[in-house]
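> Return a 3D structure for these sequence lines:
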Amino acid sequence: MRHRLRRPATVLGGLVLLGAAAACGGGEGDATATAGAGDLPVEMHVRWEVDDAFPATVTLHEPPPDQDLYEVHTYPEGEPPAVGDEIPAGILHGRHSEPTRFVALLQNEAPEAVRFWVAPHLPVPHIEEQGLLMFCLCTGEVYEVPAGGSWTRVMEFGVTRRSGLQGPLVLTHVIVRGDLAAPTPAAAQ
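Okay, the predicted model is just below:
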C-alpha cells in the first residue's frame with residue numbers, strides 16, 4: 001500500500017516540474033510561443049474611490065527621474081510638488097512584464113491636514129496575484145496630507161505574460177479617511 005501512495009505523488013511531482021519548466025520558458029518551443037508576448041500593449045486604468053467629504057483630489061503623473069519606487073513626499077501649502085506631466089484619465093500604457101512607474105498626487109484643499117489609508121486594490125477583470133506586478137499604497141500605513149498642501153508616492157504597476165490579459169485592466173483603490181483600526185483579537189489569531 002505504501003508503494004501505491006508514492007507512485008501517484010511521484011507522477012504528480014513530475015507533472016508539477018514539467019508545468020513549472022514550461023511556465024518559466026525551459027525549452028525552445030516555449031520561447032517561440034511567447035516571443036512576441038512582451039510586445040503586446042497593456043492598458044491599465046487606475047481608479048480612486050473616495051467619499052464626497054474627502055477634501056483631497058487624486059491625479060497620476062509621470063515620475064521625476066530622481067525619485068525612487070515607494071518614495072513619499074509631503075509639500076506644505078504653496079510649495080509645488082515634484083511631479084512630471086499628468087497622465088490623462090489615469091490610464092497607464094505599457095507592455096507585458098514591463099511595469100509602468102508613476103506618481104500618485106493628492107492635493108488637500110482643506111484648511112486642516114487629512115489622514116488616510118488605502119484598501120487593497122481590486123483588479124477587473126480579476127487576475128491572479130501572480131499576474132500582477134504591483135508596488136502601490138496598500139501597505140497598511142496611514143498617510144497624511146498637510147493642510148492646503150500635497151502628498152506624492154512613487155508607484156508601479158504591470159501585468160505579467162502569464163496573466164492572459166487581452167484587454168484593458170481597471171485597478172480600483174478605495175481611499176479611507178482617518179486612521180486604521182486596531183485588529184480585533186479574532187483577526188490577530
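
> Break down the protein into its strands, ranges please.
Using DSSP state E, the strands found in the chain span residues 41-49, 56-61, 72-75, 91-95, 100-108, 114-118, 122-124, 132-135, 143-145, 150-159, 169-177.

> Of the ones you listed, which is nearest residue 83?
strand 56-61 (3.9 Å; Cβ to Cβ). Heads up, the C-betas are built off the backbone N, CA and C, glycines and all.

> Any stretches of the chain with poor pLDDT?
1-40, 128-130, 162, 182-189 (pLDDT under 70).

> From the centroid of it, which residue is nearest?
residue 134 (3.3 Å; Cα atoms, centre = their mean).

> Now for it: which residues touch it?
121, 156, 157, 158 (Cβ atoms under 8 Å, 6 or more residues apart in numbering).

> Tell me the spacing between residue 176 and residue 96.
Residue 176 sits 32 Å away from residue 96, going by Cβ to Cβ, to the nearest Å.

> Excluding residues flanking it in the chain, which one is nearest residue 44?
residue 92 (4.4 Å; Cβ to Cβ, 6 or more residues apart in numbering).

> Then residue 82?
Per Cβ to Cβ, 6+ apart, closest to residue 82 is residue 64, 5.3 Å.

> Make TSV out of the strands of the chain and add distance to residue 81.
Converted to TSV, those look like this (distance: least, Cβ to Cβ, whole Å):
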stretch	distance to residue 81
strand 41-49	17
strand 56-61	8
strand 72-75	5
strand 91-95	19
strand 100-108	6
strand 114-118	15
strand 122-124	27
strand 132-135	19
strand 143-145	11
strand 150-159	5
strand 169-177	17
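
> Just to check, residue 136 is in contact with residue 175?
No. Using Cβ atoms under 8 Å, residue 136 is not in contact with residue 175; the gap is 12.0 Å.

> Among the contacts of residue 134, name the buried ones.
Among those, those scoring as buried are 121, 156, 157, 158 (criterion: 16 or more other Cβ atoms under 10 Å).

> from those, which is closest to residue 82?
residue 156 (17.4 Å).

> For residue 176 and residue 96, work out which one has more neighbours and name it.
residue 96 (21 against 16; other Cβ atoms under 10 Å).

> which residues are in contact with both of residue 136 and residue 175?
residue 118.

> May I have stretch 149-158 exported as PDB, CA atoms only?
Output of stretch 149-158 as PDB, limited to C-alpha atoms (Å, rounded to 0.1, in the frame of the first residue of the first chain):
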ATOM      1  CA  GLY A 149      -0.600  71.100   0.800                       C
ATOM      2  CA  SER A 150       0.100  68.000  -1.300                       C
ATOM      3  CA  TRP A 151       1.500  64.500  -1.000                       C
ATOM      4  CA  THR A 152       3.100  62.100  -3.500                       C
ATOM      5  CA  ARG A 153       4.100  58.500  -3.700                       C
ATOM      6  CA  VAL A 154       6.000  56.700  -6.500                       C
ATOM      7  CA  MET A 155       4.200  53.600  -7.500                       C
ATOM      8  CA  GLU A 156       4.500  50.900 -10.200                       C
ATOM      9  CA  PHE A 157       2.000  48.500 -11.900                       C
ATOM     10  CA  GLY A 158       2.400  45.900 -14.500                       C
END
